[in-house]
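[1] Have a look; sequence and predicted model below, questions after that.
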Amino acid sequence: MIEARGLTKRYGSTTAVDGISFTIPPGTVTGFLGPNGAGKSTTMRMIVGLDRPTAGTVTVNGRPYAEHRSPLREVGILLDAKAVHPGRTARSHLRTMAATHGIAGSRVDEVIEMTGLSAVAGKRVGGFSLGMGQRLGIASAMLGDPQTLILDEPVNGLDPEGVMWVRNLVRYLASEGRTVFISSHLMSEMAQTADHLLVIGRGRIITAGPVQEVVDSVQDTTVLVRSPRAGELADLVTGAGGRVSSDEAGVLQVHGLSAEQIGDAAAAAGIALHELSPRRTSLEEAYMTLTQDAVEYRSDSFHPTAQEGENR
């Protein structure tokens, strides 16, 4: 379990993390989301003692990380997969880590096999691809068979097979009763992996809870309707309290009414429907809505010009 109370970090006049409190329970995968600059990395670094809080406290498995006598056996950490001497082989790196905690060499072999590194275990890390580096980082995190895992962007650089492997791994570890705290910018992956979400923006918690509750909190179900009498149907829907928009002749996007209500109203008026499709909000859409006021670095929308389109 990870528990934070009033956790704050300031760098001079800049507040990176602003008095946040949360609990990451065991037996679940908790996704940590937020825009760049939101305070995610700073929070993770404070959890594992790499940054000292300006105020507040954070404990892992009941005590501050620095007070654990054998931290590798308590907490597995992946914050920067590149933080490995490039001249070492993967096996020598893991053996060195194991030696600091009295971990048997057989466990090194186990995590090498577990993470798919057997074929490259004798190669120097400096020649690893990004994906192989991520696998080594996960192997390092798993070395002490810890009760708590803290993984920052673990699927970064992995191919589809690797992404699925990480997804299955973290869900399996949570099913064993372990605490799994994982950050990612891939909303589609987080929707399939996480049980709970913690969303942060500008150093403060925006929302927290089960994935579906977070999505439902901003949900505005849209119903796509196609009809040869779309204009009449739009008037009918508006009169019933719905909101209508349209980007294409004969097609309506209806908000505020269910598909059943629209269908019943159309049937009562004798209006034929060629399509009636409810569309629920995705995690990515919910995330964008929740964090729209917390984005520090915003890009303008890109619309290719006619000239650019012709030159492609």
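    Structure received. Residues are numbered from 1 along each chain as shown.

[2] At the geometric centre of this structure, which residue sits there?
    Centrality entry for the chain: nearest residue to the mean C-alpha point is Ser184, 3.6 Å, by C-alpha atoms, centre = their mean.

[3] Would you check how far apart the residue nearest to that one when sequence neighbours are not counted and Gly12 are?
    What sits nearest to Ser184 in space, not counting adjacent residues and going by C-beta to C-beta, 6 or more residues apart in numbering, is Met190, at 5.2 Å. Placement of C-beta: from N, CA and C, glycine included. From Met190 across to Gly12, the span is 33 Å (C-beta to C-beta, to the nearest Å).

[4] likewise Gly133?
    Distance of Gly133 to Gly12, given as C-beta to C-beta: 33 Å.

[5] circling back: neighbour count for Met190 and Gly12, which is higher?
    Met190 (23 against 5; other C-beta atoms under 10 Å).

[6] Look up which helix or strand that one falls in, please.
    When elements are assigned from DSSP states H and E, Met190 belongs to helix 187-193.

[7] follow-up on the earlier one: distance of the residue nearest to Ser184 relative to Val155?
    Between Met190 and Val155 the distance is 10 Å, computed by C-beta to C-beta.

[8] again with Val48
    Val48 sits 20 Å away from Val155 when distances are taken as C-beta to C-beta.

[9] So between those two, which is more surrounded?
    Here Val48 and Val155 are set side by side on neighbour count (other C-beta under 10 Å), and the busier one is Val155, at 25 against 19.

[10] Skipping its backbone neighbours, what lies nearest that one in space?
    Leaving out its chain neighbours, Val155 is closest to Val163 (C-beta to C-beta, 6+ apart), at 4.7 Å.

[11] part of a helix, is that neighbour?
    Yes. When classified by DSSP: H, G, I helix; E, B strand; the rest coil, Val163 is found to be part of a helix.

[12] burial of it, as a residue count?
    In terms of burial, Val163 registers 20 neighbours under the definition other C-beta under 10 Å.

[13] Go ahead and confirm it touches Met190.
    No. Checked against C-beta atoms under 8 Å, the pair Val163 and Met190 is beyond contact range at 11.5 Å.

[14] Quick check on the residue nearest to the centre of the chain: phi, psi?
    The phi/psi pair for Ser184 (degrees, to the nearest 10) reads phi -160, psi 150.

[15] per-domain residue ranges of the protein.
    Following automatic domain parsing, the chain resolves into domains at 2-210, 222-279.

[16] Figure out which of the ones you listed is closest to Asp293.
    Between Asp293 and those, the shortest separation by C-beta to C-beta is 7.4 Å, and it involves domain 2-210.

[17] before we move on, the earlier item: just put the domains of the chain in JSON lines and tack on mean pLDDT and distance to Met288.
    Formatted as JSON lines, the entries for the domains of the chain read as follows, by pLDDT from 0 to 100; distance: least, C-beta to C-beta, whole Å:
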{"stretch": "domain 2-210", "mean pLDDT": "93", "distance to Met288": "9"}
{"stretch": "domain 222-279", "mean pLDDT": "92", "distance to Met288": "15"}
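
[18] All the helices of the stretch 201-312 of the chain, in order from the start?
    Counting by DSSP state H, counting those that start in this stretch, the stretch 201-312 of the chain has these helices, from start to end: 211-216, 230-239, 259-268, 283-290, 306-311.
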